[in-house]
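Colleague: Sequence plus predicted model, see below.
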Amino acid sequence: MQIAIYGAGGFARELAWLIEQIGEIDRSIEPVCYVDDNLQKQNTVLNGLPILSLEEARARFPSARIVGGVGSPATRKLLVEKAASLGFEFATVVHPRAEISRWIELGSGTVICAGCILTTNIRLGRHVQINLDCTIGHDVIMGDYTTLAPGVHVSGWVHMGKRVYVGTGAVFLHGTQDRPLVIGDDTVVGAGAVVTRPVPPQVTVVGVPARPIGQSKA
Ligand SMILES: CC(C)(COP(=O)(O)OP(=O)(O)OC[C@H]1O[C@@H](n2cnc3c(N)ncnc32)[C@H](O)[C@@H]1OP(=O)(O)O)[C@@H](O)C(=O)NCCC(=O)NCCS
């Protein structure tokens with residue numbers, strides 16, 4: 001499978017490496033290009049791969065799948081919708097050194113980076129991004145486009161909404177089957193926060209324990 005990466009920034013380059021590492025085990029998988037809407041970046045080369053427009057990527061690699069390569073949930077949603085409108089299908093990308101039980105559901109376009117451990121009965125939506133070294137416990141749900149930055153720890157029975165952005169090293173205490181810890185859509189959780197209570201939609205929380213500092217910015 002050929003894979004195009006939508007984006008040409010820091011995470012996109014990390015994603016290219018991730019896909020190369022999968023390719024070392026499964027030779028049929030390879031990153032073929034970056035896609036960037038910025039005209040000045042197009043038709044240049046980044047870490048050995050061409051940066052193309054979406055249209056050019058489709059023309060040059062008609063059977064390639066694509067994966068969102070930016071951390072921001074809102075931006076990733078825009079890019080993914082644009083790619084879908086051109087007929088792209090999406091790659092779900094899991095690093096060979098992520099540990100994942102068979103009781104996990106991953107939506108299309110979701111990315112799991114190296115060092116992550118996902119235990120059991122976990123459901124991740126479409127285009128979710130789990131960066132390096134995260135742990136996700138039992139009975140966790142994450143909505144489409146949610147992003148975990150590196151080193152986030154999510155305990156059992158946490159239900160995150162769509163487009164949630166979680167900063168590096170945040171921790172979520174556990175919920176229960178009767179009362180999952182619910183994190184609303186479009187919430188932002190600051191780096192290093194410890195989330196002990198439900199968070200309403202569209203709020204930014206920071207600190208230990210995490211407290212709201214205002215409405216989240218899209
Ligand atoms: C939470 C966050 C999104 C807030 O960004 P912002 O809305 O631009 O907020 P500001 O930087 O203006 O900070 C607002 C206040 O919150 C404080 N604050 C910001 N982030 C904080 C954090 N993670 N923990 C504790 N306090 C924090 C600031 O010190 C500031 O306090 P003050 O008003 O007393 O000076 C951001 O700071 C953050 O933590 N982002 C995550 C970054 C990350 O992990 N990236 C990973 C890349 S892979």
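Modeller: Perfect, thanks for sending it.
Colleague: residues contacting residue 147?
Modeller: Counting by CB atoms under 8 Å, 6 or more residues apart in numbering, residue 147 touches 71-73, 76, 128-129, 131, 164-166. The way it works is simple: take the backbone N, C-alpha and C, and place the C-beta from them, glycine included.
Colleague: what does this structure have sitting close to the ligand?
Modeller: Contacts of the chain with the ligand, taken as CB under 6 Å from any ligand atom, map to 71, 131, 149-150, 167-168, 188, 190-192, 204, 206-207, 213.
Colleague: got CSV for those residues, with secondary structure, neighbour count and pLDDT too?
Modeller: Below are these laid out as CSV (DSSP: H, G, I helix; E, B strand; the rest coil; neighbours: other CB atoms under 10 Å; pLDDT from 0 to 100):
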residue, secondary structure, neighbour count, pLDDT
71, coil, 18, 98
131, coil, 22, 98
149, coil, 20, 98
150, coil, 16, 98
167, coil, 19, 98
168, coil, 16, 98
188, strand, 24, 98
190, coil, 19, 98
191, coil, 14, 98
192, coil, 15, 98
204, strand, 21, 98
206, strand, 17, 98
207, coil, 13, 98
213, strand, 13, 98
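Colleague: Skip ahead from the helix or strand harbouring residue 81 and say which helix or strand is next.
Modeller: Using DSSP states H and E, residue 81 sits in helix 73-85. Next in sequence after helix 73-85, counting helices and strands by DSSP H and E, comes strand 93-94.
Colleague: So residue 58 versus the ligand, what's the distance?
Modeller: Separation of residue 58 from the ligand (CB to the nearest ligand atom, to the nearest Å): 29 Å.
Colleague: any idea which residue sits dead centre in the protein?
Modeller: Geometric centre of the chain, nearest residue: residue 129, 1.1 Å, by CA atoms, centre = their mean.
Colleague: Quick check: closest non-adjacent residue to that residue.
Modeller: Using CB to CB, 6 or more residues apart in numbering and skipping residues adjacent in sequence, the residue nearest residue 129 is residue 147, 4.5 Å away.
Colleague: who's the one you found bridged to?
Modeller: Legend: beta-bridge partners of residue 147 under DSSP bridges are residue 129, residue 165.
Colleague: Okay, domains of this structure per the record?
Modeller: With automatic domain parsing as the criterion, the domains of the chain are listed as 2-91, 94-207.
Colleague: and the gap between residue 65 and residue 105?
Modeller: Computed as CB to CB, to the nearest Å, the residue 65 to residue 105 distance reads 19 Å.
Colleague: same question but for residue 181, I mixed them up
Modeller: Going from residue 181 to residue 105 by CB to CB gives 20 Å.
Colleague: same deal with residue 167?
Modeller: For residue 167, the distance to residue 105 - CB to CB - is 25 Å.
Colleague: and residue 159, what does it touch?
Modeller: Residue 159 makes contact with 140-141, 175, 180-183, according to CB under 8 Å, 6+ apart.
Colleague: So it versus the ligand, what's the distance?
Modeller: Going from residue 159 to the ligand by CB to the nearest ligand atom gives 21 Å.
Colleague: Quickly run through the sheet partners of the helix or strand encompassing that residue, with directions.
Modeller: Element membership for residue 159 (DSSP H and E) is strand 158-160. Strand pairing for strand 158-160, determined by DSSP bridges: strand 141-142 (parallel), strand 181-183 (parallel).
Colleague: list the helices and strands the longest helix along the chain packs on?
Modeller: Assignment by DSSP state H gives helix 10-25 as the longest helix of the chain. Under the contact definition 3 or more CB pairs under 8 Å, 6 or more residues apart in numbering; DSSP states H and E, helix 10-25 sits against strand 2-6, strand 30-35, strand 93-94.
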